[in-house]
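Asker: A predicted structure for the sequence below; I have some questions about it.
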Amino acid sequence: MFSNVFILSIITFLLILIPLVLFHELGHFLTAKLFRVKILEFGIGFPPKLVSFWTGKTHIKISNQIKTDIKHENYFGKIIALNVSYESGQIVATSVKNAQTQDFALASQGSIIVGKLRDISKNEVTVSEMLWSVNLLPLGGFVKMVGEESSNVIGSLGSKPHWQRLIVMASGALINLIIPLIIFPFIGLIPQKTITGQVIVNNVFPNSPAFDAGIKKGDIITSIEGKKIDEIQELQLMISSNLGESIDMGLNRSIPNPFPRPDQKLFEYSGSEDEIKIIPRWKPPRRKVVLNPSDIYTEISLSDARIIDPNIGINNKLLVVNNVGDSIEEISISKLKQIGKISSIGDEIYISENGEEPESISMVEARKHNSNLGTNNFIQEGAIGVQIGMINQIETISSKNVLRSILDGWREILDMFFITKNSIKSSIIGSTNPQFQGPATVGPIGISQITGNIAVSNIEINTKIVSLLYITAAISLSLGIINLLPIPALDGGRIFFVIIEILRNGKRISHTKEALIHSIGFTLLIGLIILISIQDIIRILSGDLFPK
């Protein structure tokens, strides 16, 4: 019914998400325990419950009548609900009954105690009122405490000083922010294959920042802001982190060889480094490919476009061959048979929207074969307006020492903060920077696809581990940041209400109003998750990959 890839995607995603949620909730749990806040339940996942058990020992004073009721109804070992009062620091039961579903909600308000009856003596009972549960829906977890608003109930969160309440509320998100500080340095200790070399400029777009700064074809980019550049990924990261800002770029200037022999290089280099200033763009132009351009800022000729991208234009047909070579215009006959198309070697198969026409396949199936297929009539420039490549590449397998791993790991976290900030800004201002193209948001389904693709990919095990650790750190960082934002129903929303209470000299906002705001926020969040999930499904069905 389900493919192995689908099942592995779900398993991999849950193996990443569940520990992150557990550590988040553990942060709330430990700080609540530290400040003696009564915890009613620690749940993994969301109900309905699969497995649960009770722990703890709460001693409650009882009268002879209640003692008689307990023995008469044989409550021992059962889940009971006790109406209680608080007298001179002691808990005194006023009535007892079998616990009903609605009693659990009342227990979180502190008006009753719900738990498993463990022992009964002359004038008191011992109840386990801390529930540990594993629930059916694995996309989360929770710590249920005696209510935030119950300031007159012993052990309630609401009875604690403001600073303790803030620490308890923020501790889960803080744990998520700490996790990347551990993961990124650990990644550096894993032996990894790295390819380094010189980053060379293959093309410069006219009227771009690179063109205006005097960068020419063949120049080698040696540094950004004093940092050595020997990987394309490092260059892209530095550029994307400094959009709209003037940066220093080091160049090894090229000297073209006008009449190179086959055994000679196209460029020679002086060896000295020039330094220029350049401002990466938020909104680089997207030029339409036409035969005769009338506006050089919005259009580009087909001949010029194919110098930049040989695959530009219309790639809407495939040649059926026995074994696919390097051409994107080929498809193997075995692949066609897999998707139910009958053809012969040498035939041409056309690409259509739905694949219903004779001798055609759908765009979705074609792009599974090669994502460049279809109609591509635009050239998208980058932030500085260059096309780059690598020369003089060296492949090494190595790991870093502990100190270097820590320093580089923490720097990567700062880089991730800057990239996230710029990614959010790019969504707001409508940036056309290709580094931020693709899904603005990815939900659980999209993340599952990413992790599944990594898990089944034909790459070395160390590379898989590193990739999954990167994703884990990124998700944890996102959880930490999002949970601290003042969004109703999240930790940040509850922190916001405590801060308002402090500013109002301890006067609380009505519990009814606060609960309504959190309910609305929760509903909107669920709606947003559903919309993002639908978006992920549409993307997957259309043949698009994550990330773009």
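Answerer: Yep, it's here.
Asker: okay, now residue 222: neighbour count?
Answerer: Residue 222 sits with 17 neighbouring residues when counted by other C-beta atoms under 10 Å. C-beta coordinates here come from the backbone N, C-alpha and C atoms, glycine included.
Asker: ugh, wrong one, residue 382
Answerer: Burial of residue 382 is recorded as 22 neighbouring residues (other C-beta under 10 Å).
Asker: that's a helix at it, yeah?
Answerer: No: Residue 382: not assigned to a helix; according to DSSP: H, G, I helix; E, B strand; the rest coil it is coil.
Asker: just the strands in the stretch 251-400 of the chain please.
Answerer: 267-278, 286-290, 299-301, 313-315, 317-321, 330-332, 348-352, 360-362, 374-376, 378-380, 386-398 (DSSP state E, counting those that start in this stretch).
Asker: ok, of these, where does mean pLDDT dip lowest?
Answerer: Ranked by mean pLDDT, the strands of the stretch 251-400 of the chain bottom out at strand 330-332, with a mean of 47.
Asker: can you tell me the centre-most residue of the chain?
Answerer: With distances taken as C-alpha atoms, centre = their mean, residue 475 lies nearest the centre of the chain, 3.9 Å away.
Asker: show me what contacts that residue?
Answerer: Contacts for residue 475 (C-beta atoms under 8 Å, 6 or more residues apart in numbering) come out as 16, 17, 20, 447.
Asker: list the buried residues in the helix or strand that contains it.
Answerer: Element membership of residue 475 [criterion: DSSP states H and E] is helix 461-484. Buried residues in helix 461-484, counting neighbours by 16 or more other C-beta atoms under 10 Å, are found at 466-477, 479-480, 483-484.
Asker: could you do stretch 385-394 as well?
Answerer: 385, 386, 387, 388.
Asker: and of these, the nearest to residue 527?
Answerer: residue 385 (40.2 Å; C-beta to C-beta).
Asker: isn't that closest one up against residue 213?
Answerer: No: under the criterion of C-beta atoms under 8 Å, residue 385 makes no contact with residue 213, lying 9.4 Å away.
Asker: picking up where we left off before, please identify which pair of the buried residues of stretch 385-394 lies farthest apart.
Answerer: Pairwise over those, using C-beta to C-beta, the maximum falls at 385 and 388, 10.9 Å.
Asker: re earlier: could you check the angle the helix holding residue 475 makes with strand 386-398?
Answerer: 120 degrees (axes from the mean of the first three to the mean of the last three C-alpha atoms, to 10 degrees).
Asker: and helix 461-484, how far out from the chain middle?
Answerer: 7 Å (C-alpha atoms, centre = their mean, to the nearest Å).
Asker: repeat that for stretch 264-279.
Answerer: With C-alpha atoms, centre = their mean, you get 38 Å for stretch 264-279.
Asker: in it, what counts as buried?
Answerer: 267, 278, 279.
Asker: just these now: which is nearest residue 48?
Answerer: Using C-beta to C-beta, the buried residues of stretch 264-279 come closest to residue 48 at residue 279, 56.0 Å.
Asker: now do the contacts for the nearest residue to residue 457 once chain neighbours are set aside.
Answerer: Take residue 457 and drop its neighbours on the chain: the residue closest to it by C-beta to C-beta, 6 or more residues apart in numbering is residue 464, 7.0 Å away. Residue 464 sits next to 454, 455, 457 when contact means C-beta under 8 Å, 6+ apart.
Asker: just the buried ones among those, please.
Answerer: 454, 455.
Asker: just the contacts of residue 464 now: which is nearest residue 113?
Answerer: For these, the nearest to residue 113 is residue 455 (46.2 Å; C-beta to C-beta).
Asker: can you state the direction angle for the helix or strand harbouring that closest one and helix 461-484?
Answerer: According to DSSP H and E, residue 455 maps onto helix 444-456. If you take the same axes, to 10 degrees, helix 444-456 sits at 160 degrees to helix 461-484.
Asker: show me which residues of helix 444-456 are buried.
Answerer: Buried residues in helix 444-456 (16+ other C-beta under 10 Å): 444, 445, 446, 447, 448, 449, 450, 451, 452, 453, 454, 455.
Asker: looking at the fourth one now. What's its pLDDT?
Answerer: So that's residue 447. 78.
Asker: please apply the same query to residue 450.
Answerer: Residue-level pLDDT assigned to residue 450 equals 78.
Asker: so how far is residue 474 from it?
Answerer: Using C-beta to C-beta, to the nearest Å, residue 450 is found at 10 Å from residue 474.
Asker: what of residue 8?
Answerer: 20 Å.
Asker: mind listing what residue 81 touches?
Answerer: Here residue 81 is in contact with 96, 97, 98, 99, 100, 103, 106, 107, 112, 113, 114 (C-beta under 8 Å, 6+ apart).
Asker: now with 7 Å, please.
Answerer: Going by C-beta atoms under 7 Å, 6 or more residues apart in numbering, residue 81 touches 97, 99, 100, 103, 112, 114.
Asker: return the distance of the second one relative to residue 78.
Answerer: Between residue 99 and residue 78 the distance, using C-beta to C-beta, works out to 8 Å.
Asker: would you list the phi and psi of residue 238?
Answerer: phi -60, psi -40 (degrees, to the nearest 10).
Asker: that one contacts residue 226, doesn't it?
Answerer: No: between residue 238 and residue 226 there is no contact under C-beta atoms under 7 Å: 10.5 Å.
Asker: show me which of these two is the more surrounded one.
Answerer: Neighbours per residue (other C-beta under 10 Å) separate residue 238 from residue 226, with residue 238 holding more: 20 against 8.
Asker: which residue sits closest to the more buried one, ignoring its sequence neighbours?
Answerer: residue 224 (4.1 Å).
Asker: thanks again, I'm all set now.
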